[in-house]
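Q: Okay, structure incoming, though there's no sequence with it:
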């Protein structure tokens with residue numbers, strides 16, 4: 001939410017991808033692997049009751065009856081499972097990447113934030129605003145029962161939109177945040193997540209054969225029509241899903257990405273989780289007076305150097 005790599009434009013819509021795979025374009029489906037040995041694939045999933053995942057497994061086993069699945073519900077961070085060998089063969093997890101961060105770019109972002117605060121673009125009690133609280137600040141149909149200051153625009157994750165009552169959802173819409181610096185390319189922020197096969201998995205060929213199916217047009221179209229996926233405004237990573245398989249909001253999200261010059265991950269996914277937590281804490285202090293940019297940059301650099309020393313982040 002805080003920083004955009006190489007951009008000064010902020011985006012209202014955080015588009016969450018239903019799947020992030022190597023097959024994101026209109027490509028021919030890969031051939032079936034010649035040989036996939038019998039195996040029981042261990043899969044840690046967010047939702048054991050997911051009907052879509054159950055259908056995907058059933059369809060996969062029609063082609064690969066020798067592959068069975070043992071699905072377990074995720075109850076800890078991905079790093080916990082990866083640190084306890086043997087690692088699961090398939091893991092549902094957020095997908096991030098290591099980012100080298102130039103302090104000069106961070107300073108420019110903080111100067112933009114300070115300018116927005118100084119010009120009164122944020123409502124009072126901003127320290128108390130979380131994702132759901134921010135969205136309810138937009139609602140006018142509560143008849144004053146929520147007793148909170150009202151806003152006209154928020155930066156929010158689309159997941160929380162699906163947690164609002166349907167009548168409140170009908171009041172809200174999505175749009176790209178106004179361009180702050182027209183000299184820079186535009187970007188949309190995405191929160192990518194999907195299925196991961198760890199390097200230490202025992203049954204990589206079987207797991208990859210399954211993910212090959214999951215990345216197909218048919219499978220991603222099925223996932224896109226899942227009720228939970230639609231309520232959270234998730235959209236598939238593939239760009240060749242038929243429009244009639246997507247809701248109007250999902251279609252809008254895809255079109256917004258097509259219009260943007262780039263798609264980037266939020267700061268939360270661009271650095272190790274330990275660092276994102278430290279920086280968020282520091283940013284909350286920055287929100288209060290006196291908007292100390294130098295103090296923030298000092299704490300930011302300390303957090304970055306700590307991650308570099310631990311080998312979790314690349315050096316500039």
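A: All right, it came through fine. If you're wondering where the values come from, they're calculated on a predicted model, not measured in any experiment.

Q: now the helix or strand encompassing residue 60: how far from the chain's centre is it?
A: Per DSSP states H and E: residue 60 is located in helix 51-63. Put simply, helix 51-63 sits 25 Å off its chain's centre (Cα atoms, centre = their mean, to the nearest Å).

Q: Could you check that helix and say which residues are buried?
A: By 16 or more other Cβ atoms under 10 Å, the buried positions in helix 51-63 come out as 52-53, 56-57, 60. Where you see a C-beta, it was placed from the backbone N, CA and C, and this is true even at glycine.

Q: ok, now stretch 212-219?
A: Judged by neighbour count using 16+ other Cβ under 10 Å, the buried positions of stretch 212-219 are 212-217, 219.

Q: can you list the residues you listed in JSON lines and add distance to residue 244 and secondary structure?
A: Converted to JSON lines, the buried residues of stretch 212-219 look like this (distance: Cβ to Cβ, whole Å; DSSP: H, G, I helix; E, B strand; the rest coil):
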{"residue": "212", "distance to residue 244": "25", "secondary structure": "helix"}
{"residue": "213", "distance to residue 244": "22", "secondary structure": "helix"}
{"residue": "214", "distance to residue 244": "21", "secondary structure": "helix"}
{"residue": "215", "distance to residue 244": "21", "secondary structure": "coil"}
{"residue": "216", "distance to residue 244": "18", "secondary structure": "coil"}
{"residue": "217", "distance to residue 244": "13", "secondary structure": "helix"}
{"residue": "219", "distance to residue 244": "17", "secondary structure": "helix"}
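
Q: In those residues, find the pair that's most separated.
A: Farthest apart among those by Cβ to Cβ are 212 and 217. That separation is 12.3 Å.

Q: Can you name the next helix or strand after the worst-scoring helix or strand of the chain on mean pLDDT?
A: When the helices and strands of the chain are scored by mean pLDDT, DSSP states H and E, strand 13-17 comes last with a mean of 30. Along the chain past strand 13-17, the next helix or strand (assigned with DSSP H and E) turns out to be strand 39-45.

Q: before we move on, what SS does the spatially most central residue of the chain have?
A: Residue closest to the average C-alpha location in the chain (Cα atoms, centre = their mean): residue 191, at 1.6 Å. Three-state assignment for residue 191 (DSSP: H, G, I helix; E, B strand; the rest coil): strand.

Q: What are the contacting residues of the helix holding residue 60?
A: Helix 51-63 has contacts (Cβ atoms under 8 Å, 6 or more residues apart in numbering) with 32, 45, 47, 67-69, 71, 209-210, 213-214, 219, 222-223, 226, 229.

Q: so which of those comes closest to residue 304?
A: Nearest to residue 304, judged by Cβ to Cβ, of the contacts of helix 51-63 is residue 45 at 33.3 Å.

Q: And that closest one, how close does it get to residue 313?
A: 29 Å (Cβ to Cβ, to the nearest Å).

Q: Which one's more surrounded, the two?
A: Taking other Cβ atoms under 10 Å, residue 45 and residue 313 do not tie; residue 313 has more neighbours (22 against 18).

Q: Surely that one is in a strand?
A: No - according to three-state DSSP, residue 313 belongs to no strand; its state is coil.

Q: show me what contacts residue 296?
A: By Cβ under 8 Å, 6+ apart, residue 296 lies in contact with 110, 282-283, 285-286.

Q: Specify the beta-bridge partners of the residue nearest to the centre of the chain.
A: Residue 191 has these beta-bridge partners by DSSP bridges: residue 16.

Q: and what of the one 4 residues further on?
A: Note on residue 195: beta-bridge partners by DSSP bridges are residue 92.

Q: which residues of this structure score low on pLDDT?
A: Residues of the chain meeting the criterion pLDDT under 70: 1-34, 75-84, 94-100, 123-130, 193, 314-316.

Q: Just the element for the nearest residue to residue 154 once chain neighbours are set aside, please.
A: Distances taken as Cβ to Cβ, 6 or more residues apart in numbering place residue 134 nearest to residue 154, at 4.2 Å, with adjacent residues excluded. Assigned by DSSP H and E, residue 134 belongs to helix 131-136.

Q: these two touch, right, residue 86 and residue 202?
A: Yes - with contact defined as Cβ atoms under 8 Å, residue 86 reaches residue 202; the gap is 5.3 Å.

Q: residues shared between the contacts of those two?
A: Common contacts of residue 86 and residue 202 (Cβ under 8 Å, 6+ apart): residue 42.

Q: okay, the two: which has more neighbours?
A: Comparing residue 86 with residue 202 by other Cβ under 10 Å, the one with more neighbours is residue 202, at 16 against 12.
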